[in-house]
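Engineer: quick one, what's the 3D model for this:
(one chain, ligands or ions: 1)
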Amino acid sequence: MRTPVEGFSKLTKEEKINWIATQYTSNPEVAKSVLKRYWNTNSYVQKVHDEFIENTISNYYLPFAIAPNFLINDTLYALPMAIEESSVVAAASKAAKFWLNKGGFKTTIVGTEKVGQVHFMYKGDKEKLERFFKTHKNAFFDDAKTITQSMEKRGGGISSVRLIDKTDSIENYYQLHCTFQTMDAMGANFINSCLEQFAKTLKQKAAVYDRFSSQEGSIEIVMSILSNYVPNCVVRAEVSCPLNNLDEAGLSGIDFAKKMVQAVNIAKIEPYRAVTHNKGIMNGIDAVVLATGNDFRAVEAGVHAYAAKDGRYSSLTHAVIENGEFRFWIELPLALGTVGGLTSLHPMVKLALEILQKPTAEELMQIVAVAGLAQNFAALRSLVTTGIQKGHMKMHLLNMLNQLGATEEEKERLVDYFKDTVVTNASVKEALKKIKAD
Ligand code: MEV
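Structural biologist: Reported below is the predicted structural model:
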């Protein structure tokens with residue numbers, strides 16, 4: 001019979017491990033040994049990980065891989081990717097190679113504006129609130145000076161603070177809708193600190209504003225928080241080439257391009273397809289976002305909201321055939337940082353950023369967008385020609401063989417055998433059985 005635990009966070013790591021292993025696993029000794037096997041042998045590195053979060057008992061690691069040969073704005077990059085899905089890095093590398101001698105990827109930053117809001121309740125005359133806001137608008141900037149000083153030195157800061165009336169949707173509900181430039185930082189801490197100061201200023205100034213009644217002067221702050229929806233923090237990445245450079249898997253350039261355009265157009269109008277289409281894009285995006293220590297949940301939330309910005313969930317990529325050329329591009333919001341957060345703490349993140357030549361946040365946005373576009377190109381290219389399973393199952397073969405307990409020699413022989421044989425669960429089992437019986 002399990003009982004709730006008191007003061008778990010205060011137990012030592014060893015005690016936490018003992019507790020979880022004995023309370024929740026059927027073989028505590030095996031559980032303990034698995035957890036300890038994933039400890040880092042370097043005590044400094046382990047301590048850094050222990051302190052990222054509460055109640056750390058071990059590490060959970062993902063493969064860290066390189067997708068080379070990405071030509072982005074005429075500079076060659078090797079992309080670090082952290083991901084468990086077997087075919088993603090191979091697909092990215094293939095797409096990079098495909099575009100390498102066709103001019104590579106071209107990117108542009110459309111905007112870098114971040115957003116945060118103070119949500120509050122005001123009971124009273126709307127015009128009085130508007131007048132109050134006008135009178136005290138500068139105070140929001142002035143009172144936040146100690147927070148914004150160093151960001152301003154780097155060229156960023158608060159861009160705007162607006163009062164928004166939301167009483168159409170919820171009675172008495174207003175917002176301060178605020179925009180920021182956070183330079184090379186993702187900016188979550190900076191934005192949230194500014195917003196909490198705005199909330200204080202709002203409450204204090206309202207309490208002593210002589211035109212407000214006592215009810216109007218007692219503004220109720222509900223919450224102050226950044227928004228992960230950043231439709232003006234957007235990057236665009238594109239590839240293009242003449243149709244006659246596009247021959248693919250027995251298809252002529254024009255036929256291949258037409259199929260690619262059809263595939264994208266389907267994802268534009270059909271949400272069931274769009275979700276999978278964009279999921280494939282996020283395979284590339286998340287892998288680089290994770291490798292560079294950025295918040296992939298924030299990116300995911302913002303990107304999917306953007307994909308639905310026109311009222312229907314749709315494709316993040318676009319494709320056209322124009323003047324004898326195939327053009328394929330992506331436009332998406334990415335709030336990323338290359339300073340602060342994990343960037344100087346996590347040794348692998350530091351290395352990933354070094355591999356990317358220490359990019360600015362804007363450069364990282366462009367690299368990440370390219371990873372998404374490349375991934376989508378690779379997925380669609382397989383889908384409209386050979387089908388996805390051929391490449392996917394080939395990459396999955398080693399996972400299956402490991403699961404079936406194949407030896408190194410058996411794996412080598414079977415990888416060779418499946419070079420020109422269809423990989424399925426049954427065919428792999430059968431082939432392994434045969435080899436073992438030899
Ligand atoms: C699998 O992780 C991603 C794909 O399903 C993406 C797509 O269908 O475009 C292959």
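
Engineer: going by C-alpha atoms from here, please, whenever you check contacts or count neighbours.
Structural biologist: OK.

Engineer: what residues of the worst-scoring helix or strand of the chain on mean pLDDT count as buried?
Structural biologist: Ranking every helix and strand in the chain by mean pLDDT, DSSP states H and E puts helix 388-403 at the bottom, with a mean of 83. Residues of helix 388-403 classed as buried: 388, 391-398, 400-401 (neighbour count, 16 or more other CA atoms under 10 Å).

Engineer: which residues does Y174 contact?
Structural biologist: 119-122, 163-167 (CA atoms under 8 Å, 6 or more residues apart in numbering).

Engineer: just the buried ones from the residues you listed?
Structural biologist: The buried subset of these (16+ other CA under 10 Å) comprises 119-122, 163, 165.

Engineer: what's the angle between the helix ranked longest in the chain and helix 388-403?
Structural biologist: The longest helix of the chain (DSSP state H) is helix 361-383. Angle of helix 361-383 versus helix 388-403, following axes from the mean of the first three to the mean of the last three CA atoms, to 10 degrees, is 100 degrees.

Engineer: what's the offset of helix 361-383 from the middle of its chain?
Structural biologist: A distance of 12 Å separates the centroid of the chain from that of helix 361-383, by CA atoms, centre = their mean, to the nearest Å.

Engineer: other SSEs contacting that helix?
Structural biologist: Applying 3 or more CA pairs under 8 Å, 6 or more residues apart in numbering; DSSP states H and E, one finds that helix 361-383 makes contact with helix 88-100, strand 106-109, strand 234-242, helix 253-269, helix 271-291, strand 325-333, helix 388-403.

Engineer: just put those in TSV and tack on distance to V423.
Structural biologist: Output for the helices and strands packed on helix 361-383, formatted as TSV (distance: least, CA to CA, whole Å):
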stretch	distance to V423
helix 88-100	17
strand 106-109	37
strand 234-242	32
helix 253-269	25
helix 271-291	22
strand 325-333	31
helix 388-403	6
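
Engineer: N228 is nearest to which of those?
Structural biologist: Nearest of the helices and strands packed on helix 361-383 to N228, taken as CA to CA: strand 325-333 at 9.6 Å.

Engineer: not counting sequence-adjacent ones, nearest residue to E238?
Structural biologist: W329 (4.1 Å; CA to CA, 6 or more residues apart in numbering).

Engineer: give the bridge partners for that neighbour, please.
Structural biologist: Under DSSP bridges, the beta-bridge partners of W329 are E238, H318.

Engineer: is it true that L414 touches A431?
Structural biologist: Yes. If you go by CA atoms under 8 Å, L414 and A431 touch, sitting 7.4 Å apart.

Engineer: name the residues contacting each of these two.
Structural biologist: With CA under 8 Å, 6+ apart, L414 and A431 have no common neighbours.

Engineer: show me the shaky parts of the chain.
Structural biologist: For the chain, no stretch has pLDDT under 70.

Engineer: which stretches of it form strands?
Structural biologist: 64-72, 75-82, 106-109, 114-121, 157-165, 173-181, 220-227, 234-242, 317-322, 325-333 (DSSP state E).

Engineer: using JSON lines, lay out those strands together with distance to A21.
Structural biologist: Shown next, in JSON lines, are the strands of the chain (distance: least, CA to CA, whole Å):
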{"stretch": "strand 64-72", "distance to A21": "29"}
{"stretch": "strand 75-82", "distance to A21": "28"}
{"stretch": "strand 106-109", "distance to A21": "49"}
{"stretch": "strand 114-121", "distance to A21": "42"}
{"stretch": "strand 157-165", "distance to A21": "48"}
{"stretch": "strand 173-181", "distance to A21": "46"}
{"stretch": "strand 220-227", "distance to A21": "38"}
{"stretch": "strand 234-242", "distance to A21": "46"}
{"stretch": "strand 317-322", "distance to A21": "46"}
{"stretch": "strand 325-333", "distance to A21": "42"}
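
Engineer: how about those strands, which one is nearest E270?
Structural biologist: strand 317-322 (13.6 Å).

Engineer: what angle do that closest one and strand 234-242 make?
Structural biologist: Using the same axes, to 10 degrees, strand 317-322 lies at 30 degrees relative to strand 234-242.

Engineer: can you confirm whether strand 317-322 lies near the ligand?
Structural biologist: No. Using CA under 6 Å from any ligand atom, strand 317-322 stays clear of the ligand, with a minimum separation of 10.8 Å.

Engineer: next, count neighbours for F377.
Structural biologist: Counted with other CA atoms under 10 Å, residues neighbouring F377 total 26.

Engineer: do I have it right that T292 meets T343?
Structural biologist: Yes. Contact criterion CA under 8 Å: T292 and T343 qualify, at 7.0 Å.

Engineer: quick one: common contacting residues for those two?
Structural biologist: Residues touching both T292 and T343 (CA under 8 Å, 6+ apart): 349-350, 353.

Engineer: now, which of these sits nearest T107?
Structural biologist: L353 (18.9 Å).

Engineer: report the contact partners of the nearest residue to that closest one once chain neighbours are set aside.
Structural biologist: Once flanking residues are discounted, L353 sits nearest to T292: 6.2 Å by CA to CA, 6+ apart. Contacts for T292 (CA under 8 Å, 6+ apart) come out as 80, 338, 343, 349-350, 352-353.

Engineer: nothing else from me, thank you.
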